[in-house]
Each structure stands twice: as C-alpha cells, then as structure tokens.
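Q: Build me a structure from this.
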Amino acid sequence: MSALIEQEPLRSRKVGDIAAASSGAALLLSEFNLDLCSEDGMALEAAAQHAGADLAALEQALHRLDDAGPADSAPHETNELISHIVKRYHDTHRRELPGLLKLARKVEAIHPDHPQVPHGLADMLQKLLGEIEVHMKKEELILFPAMRLHPDGALDTPIAQMRHDHDDHDEQLREIEIRTGRFSAPASACGSWRALYSGLAKFARDFAEHMRLENDVLFPRFEQNPQDSIACDEPNPSSAASGEEIRPASPAAAPGAPAIEAHDDVASASPDPLTGASLVPMLVGGLVLIVLAMCVALALA
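A: I've put the predicted structure just below:
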C-alpha cells in the first residue's frame with residue numbers, strides 16, 4: 001500500500017482506493033466504523049468525520065499496517081517458533097475474524113435479494129470463530145507450555161487432537177470458499193462485500209500457513225512417530241485433510257484380563273513425562289480458561 005499512500009496525503013485519498021490497496025486496509029477501515037458502501041467515494045478525512053472516527057488514530061493504524069510489510073519467515077528454534085505462531089497467526093486471527101463476521105452480517109442484511117449474496121456465511125464464520133478460539137486456547141494454555149517445559153517430551157495424544165481440529169477447520173474453510181464462489185465478489189458488489197471476500201481470502205492463506213507450520217514443522221518434534229502422522233496427510237498445504245482423527249496406537253487387552261494389568265508395563269516404561277496425573281492440573285486449569293474463551297467468542301457475535 002505504500003506506493004498508493006505516497007501519491008497524496010492519506011486523508012485526501014478516497015476510502016474505496018485505500019480499501020482496494022489491501023485486505024488489511026479494508027478490514028481496518030471497517031473496524032473504525034467507516035461504511036465501505038456509502039462512503040466508498042469519500043475522502044478518508046470526510047468519511048472519518050461522518051463515521052465519528054478518530055482520523056489521526058486511523059491514519060496511524062493504516063501507516064503501521066503499511067510499515068509492517070510481509071511476514072518474516074518462521075524461526076527454527078522451537079520456543080521462538082511457538083512465539084511466532086502465537087503472534088503472527090493466533091493474534092492475527094483474533095484481530096481479523098470478528099471484523100469479517102461483522103462484514104458478513106452487514107452484506108447479508110444489505111443485499112438479501114441479490115442472487116449471489118452468501119446467505120448463511122455469517123453463521124458459518126460465527127461457528128468457525130468460536131471453534132478456532134477454543135483450539136488456540138488449548139494450544140496456548142496446555143500444549144505449548146508442555147512443549148516449552150518438556151522439549152524432549154512425547155505429546156502424541158494432544159497433538160493428535162490438534163491435528164483433528166485442523167482437519168475440521170480446513171473442512172469449514174472449504175465450505176466457506178464454496179459459499180463465496182472462491183472469494184470472488186460480483187462486479188456489482190459494494191465496498192463492504194469486496195472487503196469481506198478480500199479479507200476472507202487473506203485469512204484462508206494465513207490459516208493454511210498456520211496449520212502447515214504446526215502440522216509439518218512444530219508437531220513432529222514432539223511425536224514419537226512423526227512420519228506416521230504426516231503420512232496421513234493429503235498433499236494439501238492447508239491441513240492434514242484426511243478427515244479422520246489420528247489416535248495413538250494402544251495394545252489390545254486379552255479377553256477377560258484386568259485393564260490395569262494390560263497397561264502396567266507400558267506405563268512404567270513410557271518416556272513421556274506428561275502422561276497421567278502430571279497433566280491433570282494443567283488440563284483442569286486450561287479447560288476452565290477455554291470455557292471462558294468460548295464465552296468471549298460468543299460475545300463477539
């Protein structure tokens with residue numbers, strides 16, 4: 001967006017031109033309550049005044065967006081990689097998805113009779129927002145701390161659940177892509193509609209890279225049989241799209257044998273320090289915070 005900004009003062013440029021420069025700019029304008037439909041042809045200064053938005057704060061936010069530039073490549077060291085995933089992807093999803101949900105509701109309300117309006121998209125995004133928030137909380141409160149504390153630990157079971165979540169999210173994104181015609185707005189679409197599809201396309205790209213980093217780079221470092229887990233993936237960079245939950249193998253107990261006897265040797269020989277009672281306090285605390293996160297996600301509707 002920098003070349004466009006340099007042509008003239010930002011506040012003098014049309015809202016539609018700024019929004020068209022990048023999906024991030026379009027979402028940011030929407031977050032400041034600028035109407036990308038009715039104010040599309042207005043100068044930023046006039047549109048901000050009309051919307052009651054803080055022009056100086058809006059300009060600063062747009063310049064920060066411009067200065068951020070492309071995302072840095074992911075670091076290799078595990079702790080730095082975890083921090084990168086949280087900052088670059090978790091925080092970005094939390095910032096952008098509520099704005100996309102708001103735009104989807106607006107587009108469906110303004111164009112109810114348009115033959116290409118994505119009816120039901122807002123509900124799909126509401127569901128995705130809640131499920132992704134819970135998933136990220138599970139990683140931030142349970143899985144990632146375990147990885148930091150036990151860099152050589154085997155975490156196959158929780159990682160299998162995260163991979164399963166990724167499969168579900170990938171399927172939801174495929175449905176959203178179909179509902180939006182591959183994020184292609186019609187020629188008659190208003191600014192809000194165009195911003196919605198541009199933002200969704202960016203989110204889909206971000207989330208595909210987010211899942212790739214976890215599935216193919218981070219998770220295998222904490223799996224006893226990482227190649228077995230990766231082998232279940234389709235050659236789709238966005239996720240492990242097999243659609244089936246990956247479950248750790250367990251020895252079959254003989255008929256009539258006490259369950260505890262069937263697992264005594266395995267439990268005593270396991271190198272994983274995070275099995276059994278040692279995970280209970282972390283899981284309990286994490287689940288409580290996950291419930292709170294679900295309430296926050298619902299409140300954002």
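
Q: So for the longest helix along the chain, mean pLDDT?
A: Counting by DSSP state H, the longest helix found in the chain is helix 156-179. The average pLDDT for helix 156-179 rounds to 96.

Q: Am I right that residue 33 is in contact with residue 53?
A: Yes - between residue 33 and residue 53 a contact is recorded at 5.9 Å, counting by Cβ atoms under 8 Å. (C-beta placed from N, C-alpha, C; glycine too.)

Q: average pLDDT for the helix or strand where residue 145 lies?
A: Secondary structure assigned from DSSP states H and E places residue 145 in helix 144-149. On average, the pLDDT along helix 144-149 is 96.

Q: Show me what that helix packs onto, helices and strands only.
A: helix 78-84 (3 or more Cβ pairs under 8 Å, 6 or more residues apart in numbering; DSSP states H and E).

Q: Now do residue 79: how many residues are near it, please.
A: Residues lying near residue 79 (other Cβ atoms under 10 Å) number 12.

Q: Show the contacting residues for the nearest residue to it once chain neighbours are set aside.
A: Spatially, and ignoring its direct neighbours in sequence, residue 79 is nearest to residue 148 (5.9 Å; Cβ to Cβ, 6 or more residues apart in numbering). Under the criterion of Cβ atoms under 8 Å, 6 or more residues apart in numbering, the contact list for residue 148 reads 78, 79, 82.

Q: what about stretch 57-76, start to end distance?
A: With Cα to Cα, to the nearest Å as the measure, stretch 57-76 spans 36 Å from end to end.

Q: ok, now how distant is residue 176 from residue 155?
A: 30 Å (Cβ to Cβ, to the nearest Å).

Q: same deal with residue 12?
A: Taken as Cβ to Cβ, the span from residue 12 to residue 155 is 54 Å.

Q: can you check residue 25 too?
A: In terms of Cβ to Cβ, residue 25 sits 39 Å off from residue 155.

Q: picking up where we left off before, so which of the contacts of residue 148 comes closest to residue 47?
A: residue 82 (40.0 Å; Cβ to Cβ).

Q: Skip the chain neighbours and tell me the closest residue to that closest one.
A: Distances taken as Cβ to Cβ, 6+ apart put residue 144 closest to residue 82, at 5.1 Å, once the chain neighbours are dropped.

Q: Against residue 203, how distant is that neighbour?
A: Relative to residue 203, and taking Cβ to Cβ, residue 144 is found at 22 Å.

Q: which of those two has more neighbours?
A: residue 203 (23 against 20).

Q: lowest average confidence, helix or strand, in this structure?
A: helix 259-269 (a mean of 39; mean pLDDT, DSSP states H and E).

Q: pLDDT weak spots in this protein?
A: The chain contains residues with pLDDT under 70 at 1-8, 23, 40, 66-72, 226-301.

Q: and it, what are its domains?
A: Following automatic domain parsing, one finds the domains of the chain at 2-68, 78-243+273-299.

Q: Surely residue 25 is within a helix?
A: Yes - the assignment for residue 25 is a helix, going by DSSP: H, G, I helix; E, B strand; the rest coil.

Q: Excluding chain neighbours, what is closest to it?
A: For residue 25, the closest residue by Cβ to Cβ, 6+ apart turns out to be residue 18, at 5.4 Å.
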